[in-house]
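Peer 1: fold the following for me, if possible:
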Amino acid sequence: MAGQTAPPGEDRATPDLMSLLRSRSYLTILAVAALIGAPVALVSYWFLQLSTHLQDWIFVDLPKATGLGSPAWWPVPVLVIGGLLVALTIRYLPGRGGESPADGFRAGGGAPEPVALVGIVIAALVTLSCGAVLGPEAPLIAIGGGLGAWAVRLLKRDAPSQAVALIGVAGSFAAISTLLGSPLLAAFLLMEIAGLGGAMTSLMLVPGLLAAGIGSLVFIGLDSITGLGTTSLAIPDLPPVGDPTVAEFGWAVVIGVAAAVLGTGIRRLGRGLRPGVERRLLLATPAAGLLVAVLAILYSEVSGRSSSDVLFSGQEALPSLVTESADYSLGALLLLLLCKSLAYGICLSSFRGGPVFPAMFLGAAGGIAMAHLPGLQTVSGAAMGIGAMCVVMLGFPLVSVLLATLLLMSDGLSVTPLVIVAVVVAYVGRAWLDRGVSGSPGEPESSSSTTGA
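Peer 2: Residues are numbered from 1 along each chain as shown. The predicted model follows:
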């Protein structure tokens, strides 16, 4: 309106932002971001391929090579040894193997130092390959950010801290977009992690999007050259779900509440166990691996299904869970929810990795289980469960909606209203259940530094 006075600093902020965007130093940052996108994508690609092939070698090739076939007890030694290796990495290598996943994604830590990247990579590869219930997204963000910051310091030792931070974020963009399959989804994730808004958003996003776009081209090229394939969140060939019904909106509320209760329980389990694990790191982490293995074996023996449903992040198993949901009885789904939830909470307290894919898998399993009741389609239930569990575990409502809808491709638009309702209900439910608890939204919980044997 004419005559209205702008808030203090607003007139100055916009010209300063425009001047910065036109400056030679910012153009240099964009050039470095473009250069860093390709090598970060290359490292991320081979990191993901190595973790996948290690899983196959440890759980398929190795027992066959020893003449054991596929024994039900095989996860026990694998997870115990994996737990010991992760504990040794946390205890003795710089950087403690990365951030504890029990805290979710936290802002303010900055890119890790180059010396810490070795421990982060080792801890993540062991976690992913031994069957612990965590995903690769948090290590990828750390690896991309660390490589980006390292590149800036190699080019200019006295580079300003703001330039190092911007290129570090660009590296994280390039790394995580290769996993999530979308630079835009990576942008929303990193925005919500950092709590960005206003003028700072464009400053941070432009180098990151540039690096992510170039990184995505590198990923496509590597897929074509190697034939090994790339990761994809999309589940093709799903039946059309049609328009949402009144009954499904009611189910969205139910799923949101259920996810808030289950997810909060998992987070409290992880945070509750973590102090004890860190006090006796070299004993407690292998013990945590043993418990996860026992849960996987219990599920397999009772349900008759593969223990891999409980083990691993669920990234590769999620598409078949949704498309082959008719093969799962209600009892098997409920047992899967129980065993994988406990295993997830235990791994949050002890191993190193990301919380996204286990949350997606559990949400889908819960939604599919509820679809055994009247008024709810399987695909709609899975979508609402994914969004609701993600927001409880991550605290990021926009990313949670996008993860659920992009996963379902053509059905995504149809279920979006239902997913939004489930996410909002779960997000509010998380806030109520977290009242007065350390680590609730806005009060990130610090990881203990105690690392006794």
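Peer 1: ok, G345 touching R274?
Peer 2: No: using CB atoms under 8 Å, G345 is not in contact with R274, being 10.1 Å away. C-betas here are computed from N, CA, C, even on glycine.
Peer 1: now the helices for the stretch 101-250 of the chain?
Peer 2: Secondary structure of the stretch 101-250 of the chain (DSSP state H, counting those that start in this stretch): helices located at 114-130, 137-155, 161-180, 183-194, 199-226, 246-279.
Peer 1: right, and these - which one's nearest V43?
Peer 2: Nearest of the helices of the stretch 101-250 of the chain to V43, taken as CB to CB: helix 137-155 at 6.5 Å.
Peer 1: what is that closest one packed up against?
Peer 2: Using 3 or more CB pairs under 8 Å, 6 or more residues apart in numbering; DSSP states H and E, the elements in contact with helix 137-155 are helix 24-56, helix 114-130, helix 161-180.
Peer 1: return the set of buried residues in it.
Peer 2: Neighbour counts over helix 137-155 (16 or more other CB atoms under 10 Å) mark 137-152 as buried.
Peer 1: which residues of the stretch 251-400 of the chain fall in helices?
Peer 2: With DSSP H, counting those that start in this stretch as the criterion, the stretch 251-400 of the chain has helices spanning 281-303, 318-323, 330-350, 356-370, 378-394, 397-407.
Peer 1: residues near L68, how many?
Peer 2: Using other CB atoms under 10 Å, the number of residues around L68 comes to 11.
Peer 1: I81: neighbour count?
Peer 2: Burial measure for I81: 15 neighbouring residues, criterion other CB under 10 Å.
Peer 1: what's the helix or strand for it?
Peer 2: Assigned by DSSP states H and E, I81 falls within helix 75-92.
Peer 1: can you tell me what sits against that helix?
Peer 2: 58-59, 96-97, 119, 122-123, 126-127, 129-132, 281-282, 284-290, 292-294, 296-297, 307, 311, 350-352, 451, 453 (CB atoms under 8 Å, 6 or more residues apart in numbering).
Peer 1: low-confidence regions, the chain specifically.
Peer 2: For the chain, applying pLDDT under 70 flags the ranges 1-22, 107-109, 194-204, 223-224, 226-233, 409-412, 436-453.
Peer 1: apply 50 and report the result again.
Peer 2: For the chain, applying pLDDT under 50 flags the ranges 1-15, 439-453.
Peer 1: out of the helices and strands packed on helix 137-155, which one sits most buried?
Peer 2: helix 161-180 (a mean of 27; mean count of other CB atoms under 10 Å).
Peer 1: which strands or helices does that helix pack on?
Peer 2: In terms of contacts (3+ CB pairs under 8 Å, 6+ apart), helix 161-180 is packed against helix 24-56, helix 137-155, helix 183-194, helix 199-226.
Peer 1: can you give me how far whichever helix or strand comes after the longest one is from the chain middle?
Peer 2: Taking DSSP H and E as the definition, the helix or strand that follows helix 24-56 towards the C-terminus is helix 62-65. Between the centre of helix 62-65 and the centre of its host chain there is 30 Å, according to CA atoms, centre = their mean, to the nearest Å.
Peer 1: hmm, who's touching helix 62-65?
Peer 2: 69-71, 74.
Peer 1: quick one, which of those are buried?
Peer 2: Here, 16+ other CB under 10 Å leaves W74 buried among those.
Peer 1: just the ones of the contacts of helix 62-65 in strands?
Peer 2: Taking DSSP state E as the definition of strands, the contacts of helix 62-65 contribute nothing to them.
Peer 1: now render the contacts of helix 62-65 as CSV, adding distance to V302.
Peer 2: Formatted as CSV, the contacts of helix 62-65 follow (distance: CB to CB, whole Å):
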residue, distance to V302
G69, 21
S70, 17
P71, 17
W74, 17
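Peer 1: and the contacts of helix 62-65, which two are furthest apart?
Peer 2: Longest distance between any two of these is 9.3 Å, between G69 and W74; criterion CB to CB.
Peer 1: hmm, back to that, and the helices of the stretch 101-250 of the chain as a markdown table, adding distance to A31?
Peer 2: What follows is these, written out as a markdown table (distance: least, CB to CB, whole Å):
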| stretch | distance to A31 |
| --- | --- |
| helix 114-130 | 22 |
| helix 137-155 | 10 |
| helix 161-180 | 10 |
| helix 183-194 | 18 |
| helix 199-226 | 9 |
| helix 246-279 | 41 |
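Peer 1: residue nearest the centroid of this protein?
Peer 2: Centroid-nearest residue in the chain: V356, 3.0 Å away (criterion: CA atoms, centre = their mean).
Peer 1: related to what we said a few turns ago, wait, which of the buried residues of helix 137-155 is closest to T405?
Peer 2: Looking at these and their distance to T405, the nearest is E137, at 18.1 Å (CB to CB).
Peer 1: please name the nearest non-neighbouring residue to that closest one.
Peer 2: Distances taken as CB to CB, 6 or more residues apart in numbering place G354 nearest to E137, at 3.6 Å, with adjacent residues excluded.
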